[in-house]
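Q: Give me the fold of what follows.
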Amino acid sequence: MGMGFNIYFAFIFLCTLLFGCAIGDDGKVLHIVYMGSLLRNNNREELVTTHLQVLSSVLESPRQAEQSLVRSYTCAFNGFAAVLSKEQATALAGKAGVLSVFPDPVLNLHTTRSWDYLEKHLPMPRSSSYRNPKSSGADVIIGFLDTGIWPEAASFSDKGMGPVPSRWKGVCVEGDSFNASNCNRKIIGARYYTGGEDDDDDLVTNIERKLIWRQGGGTPRDYKGHGTFTASTAAGSFVENANYNGVAKGTARGGPASSSTRIAMYRVCGWDYGCPGVQILAAFDDAVKDGVDIVSISIGIGFRYQADFMKDPIAIGAFHATQKGILVVSSAGNEGPDSQTVVNAAPWIFTVGASSIDREFQSNVVLGNGKIIQGNGITYSSLSQSAVHPLVYGGSIPAKSCNPVAASNCVVECLDTNKTKGKIVLCIANDTAISTGIMEVDIEFFAGAVGMIVVDDSQLFEAYDYGTFAGTAISKSSATEIFSYIKSTRKPVATITPSATTVFANDKPAPVVASFSSRGPGALTQNILKPDISAPGLNIIAAWNPPDADTFLSETISAAFNMMSGTSVAVPHVSGAAAFLKSMNPTWSSSAIRSALMTTAIVRNNRGELLTNTSGIAGTPFDFGAGVVNPIEALQPGLVYETSVDDYFHFLCNYGLDSENIKLIAANQSYRCPSGAKVDLISNMNYPSIAISKLNIVNGSVTVSRSVTNISPDLAPTYKVTIGAPPGLSLKVSPRILQFSKTSTKLSFDVVFTPTKFATKGYVFGTLVWSDGKHNVRTPFAVNLV
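A: Residues are numbered from 1 along each chain as shown. Have a look, this model is predicted:
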């Protein structure tokens, strides 16, 4: 499987395009009806009855309501899924108690040296309290909403683990080729969803007619590999001699607390129909009931199809999970490097971008003159190690029907195959589309050539798997040497060497921001800085289902390992880091964990330089968020920004929802939005970063308030602020010194942002750092000068 295709894009919104969710010929489709939070005295039977009554009000009879209802959500929030016509959905949206009604969207996946890199490359904490927690009361449960799990994988061994935590209320649902015995003390829960109510639910009958998705999804078992990959990345057991087809050999494992981290898998995605919103919401509903501590969801929708927060299944499910104290970690998307492409950007979601580690796969080009050009790629070719293979530039051999530019891009139909047979072809990928097009070629039959050299700087960081075909990527600067050599001789020759795994020091920058990682600012609001953080998401190795898993189900086969790139791969690194902090500090809130990881994240690479993208250009918080996750340093953040559920209610007020809607979301009939609510006030949310969407360059000034809580062992630390202001912007922090005490553990400060006479329009970035000499609490900011 080529690395270029292991980045999963979320781009499809209309459910009918994927899995025919119409019932009969009447044009009705599945809709989600969201009704807010649950009341304390709600029980499931009453809620289902209420849902049927609401449905009956827009349908012709109670019987039609029963036939229409697909699923009721009754554990984390109040809502249901039903098959409705457009007119019925519109009528239902106007009913009292209904927040939103929307067609069920289909989301897609955003698709190991990495943990060693995070722990070794980054500094250890300043005390000796760090340890690998054993299975004890510090157990942490991560719920994965994904494609399922392959339980026989060695990464899911429960050797040495203690009993399943007594607080766990989940189950191991049996399905095709999956028994309750497939769960153990590592995999403590597994569920799957097919669109209707669970098989063990007798509250809603007539299930057969409600299984409106294609068959074959009736199991928690993973036939796609993605869920197995993400679960093992975050929480996998130690597996020695792991490798990807012989390269990247080492020990595969999950995060620092993997020895005490439990896995609960919620299969919400199918092999060929994506990840329906109705199933995602069902999984959130169950995960809250089951008792997970963290939800890890590497799923999203394309930025062009983003829905409002109240019509986004992940945003809705995550909000109510957060209400229950659960940290929700999700992917920023894979549609970078363009700006405003980040998704899953609600402030109650911990949004993760992708970065690299310090490992590469060298596959070099040896020229006939003895010159060696360093390349990057994974190849197991049997080409001669001597430079004896004819070398030709694609642009010099165009087919009669094409121009040389297309031939230089190695568009197969534009190459003269009579002149490529038996040769190594030099190709130029001058933009992302061309690079993708080259990789889409069936390289085993690449115009009869024996090898391919791709000039593509982006592939120097994301290794493409060429398999047994001889392929590699080189930099644009290196290409000049090859062109010079071709011009210097009548018969240029070359060869491409098999891949070698290399861990580099500081001769190359690491980490860098992945080109595909979606960028900020957010499209729905620019007053929250997104993404929040970055983590390894390039060329990561983790457990996978066996290559023949679709046909051979022997439970004696251990899962293979695969290599993938994507923000979906970065997410489990942050989920694993969060589990580590939770295991060491069980009383920390989900927002405290997020804050600790953000304020201690690194923003400089192994050379001491500001993080860059793959082209070497210095990045901004819109590229990498607060920085690259640093789980060890986050153990002792000093101060944290606590974000309460009330803060999220205020956000929704400022975002534009009225008090009547917030009453439903809060399940509080007395709730009133603060007076003067407006979009600009979103910047005042007590968040670990600061974003201001509009600051007038002429006589403009914005004041932002924040509060920090001391959680360090020192009960009376003194913190002083250091301001990193960009040119054209002046910052005033008041007070500049925070003096904590036993009785004053939470203190506030204001930041006044004012343009200077040198200000120019556009976004500028900087930092605030609070330090007591032991801890550095770093807060990034982004300000748009208009």
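
Q: the helices in the stretch 551-700 of the chain, which residues?
A: In the stretch 551-700 of the chain, the helices defined using DSSP state H, counting those that start in this stretch lie at 567-584, 590-599, 621-624, 645-655, 659-666.

Q: how many degrees apart are the longest one and helix 590-599 in direction?
A: Think helix 567-584. Angle, helix 567-584 to helix 590-599, by axes from the mean of the first three to the mean of the last three Cα atoms, to 10 degrees: 120 degrees.

Q: Just the mean pLDDT for helix 567-584, thanks.
A: The predicted model gives helix 567-584 an average pLDDT of 96.

Q: just the fourth one next, same as before
A: For helix 645-655, mean pLDDT is 97.

Q: Which residues does it contact?
A: 309, 319, 322-323, 347-348, 525, 528, 659, 661-662, 665-666, 671, 673-674, 677-682, 685-686 (Cβ atoms under 8 Å, 6 or more residues apart in numbering). Any C-beta I mention is one placed from the backbone N, CA and C, and that applies to glycine too.

Q: returning to what we had before: now mean neighbour count too, for the helices of the stretch 551-700 of the chain, in JSON lines please.
A: Putting the helices of the stretch 551-700 of the chain into JSON lines (neighbours: other Cβ atoms under 10 Å) gives the following:
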{"stretch": "helix 567-584", "mean neighbour count": "30"}
{"stretch": "helix 590-599", "mean neighbour count": "27"}
{"stretch": "helix 621-624", "mean neighbour count": "28"}
{"stretch": "helix 645-655", "mean neighbour count": "20"}
{"stretch": "helix 659-666", "mean neighbour count": "18"}
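
Q: Let me have those in CSV, extended by distance to L47.
A: What follows is the helices of the stretch 551-700 of the chain, written out as CSV (distance: least, Cβ to Cβ, whole Å):
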stretch, distance to L47
helix 567-584, 30
helix 590-599, 26
helix 621-624, 41
helix 645-655, 21
helix 659-666, 14
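
Q: for those, which one sits closest to N506?
A: Evaluated with Cβ to Cβ, the helices of the stretch 551-700 of the chain place helix 621-624 nearest to N506, the distance being 19.0 Å.

Q: can you pull the contacts of the spatially most central residue of the chain?
A: The residue lying closest to the centre of the chain (Cα atoms, centre = their mean) is S331, at 2.0 Å. Residues near S331 by Cβ under 8 Å, 6+ apart: 110, 297-300, 343-344, 351-352, 566-568, 570-571.

Q: Look up how far G537 lies from it.
A: 9 Å (Cβ to Cβ, to the nearest Å).

Q: Name the residues contacting each of the two.
A: Counting by Cβ under 8 Å, 6+ apart, the residues touching both S331 and G537 are 566-568, 570.

Q: which of these lies closest to D338?
A: T567 (14.3 Å).

Q: what's the closest non-adjacent residue to the closest one?
A: In space, and not counting its chain neighbours, T567 is closest to S331: 3.9 Å by Cβ to Cβ, 6 or more residues apart in numbering.

Q: and the gap between that neighbour and A570?
A: From S331 across to A570, the span is 7 Å (Cβ to Cβ).

Q: Name the residues contacting each of these two.
A: Counting by Cβ under 8 Å, 6+ apart, the shared contacts of S331 and A570 are V352.

Q: Using PDB, list the CA coordinates for stretch 150-170.
A: In PDB, the C-alpha atoms belonging to stretch 150-170 read as follows (Å, rounded to 0.1, in the frame of the first residue of the first chain):
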ATOM      1  CA  TRP A 150      -7.900  -6.800  15.200                       C
ATOM      2  CA  PRO A 151      -7.700  -8.400  18.700                       C
ATOM      3  CA  GLU A 152      -5.000 -11.000  17.800                       C
ATOM      4  CA  ALA A 153      -2.400  -8.300  17.200                       C
ATOM      5  CA  ALA A 154       0.500  -8.600  19.500                       C
ATOM      6  CA  SER A 155       0.100  -5.000  20.500                       C
ATOM      7  CA  PHE A 156      -3.100  -5.900  22.300                       C
ATOM      8  CA  SER A 157      -1.600  -8.400  24.700                       C
ATOM      9  CA  ASP A 158      -2.700  -8.000  28.200                       C
ATOM     10  CA  LYS A 159       0.300  -9.700  29.800                       C
ATOM     11  CA  GLY A 160       1.100  -8.100  33.200                       C
ATOM     12  CA  MET A 161      -2.100  -6.100  33.300                       C
ATOM     13  CA  GLY A 162      -4.400  -6.100  36.400                       C
ATOM     14  CA  PRO A 163      -8.100  -6.700  36.500                       C
ATOM     15  CA  VAL A 164     -10.500  -4.600  34.400                       C
ATOM     16  CA  PRO A 165     -11.400  -1.400  36.400                       C
ATOM     17  CA  SER A 166     -14.500  -1.900  38.400                       C
ATOM     18  CA  ARG A 167     -15.900   1.400  37.200                       C
ATOM     19  CA  TRP A 168     -16.000   0.100  33.600                       C
ATOM     20  CA  LYS A 169     -19.600  -0.500  32.500                       C
ATOM     21  CA  GLY A 170     -19.000  -1.400  28.800                       C
END
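
Q: relative to its centroid, which residue of the protein is most remote?
A: What lies farthest from the middle of the chain is R490; by Cα atoms, centre = their mean that is 50.2 Å.

Q: Give me the pLDDT for it.
A: 94.

Q: hey, where'd the strands end up in the stretch 451-600 of the chain?
A: Taking DSSP state E, counting those that start in this stretch, the strands of the stretch 451-600 of the chain run over residues 451-455, 465-467, 470-474, 493-496, 500-503, 533-536, 540-543, 561-564.
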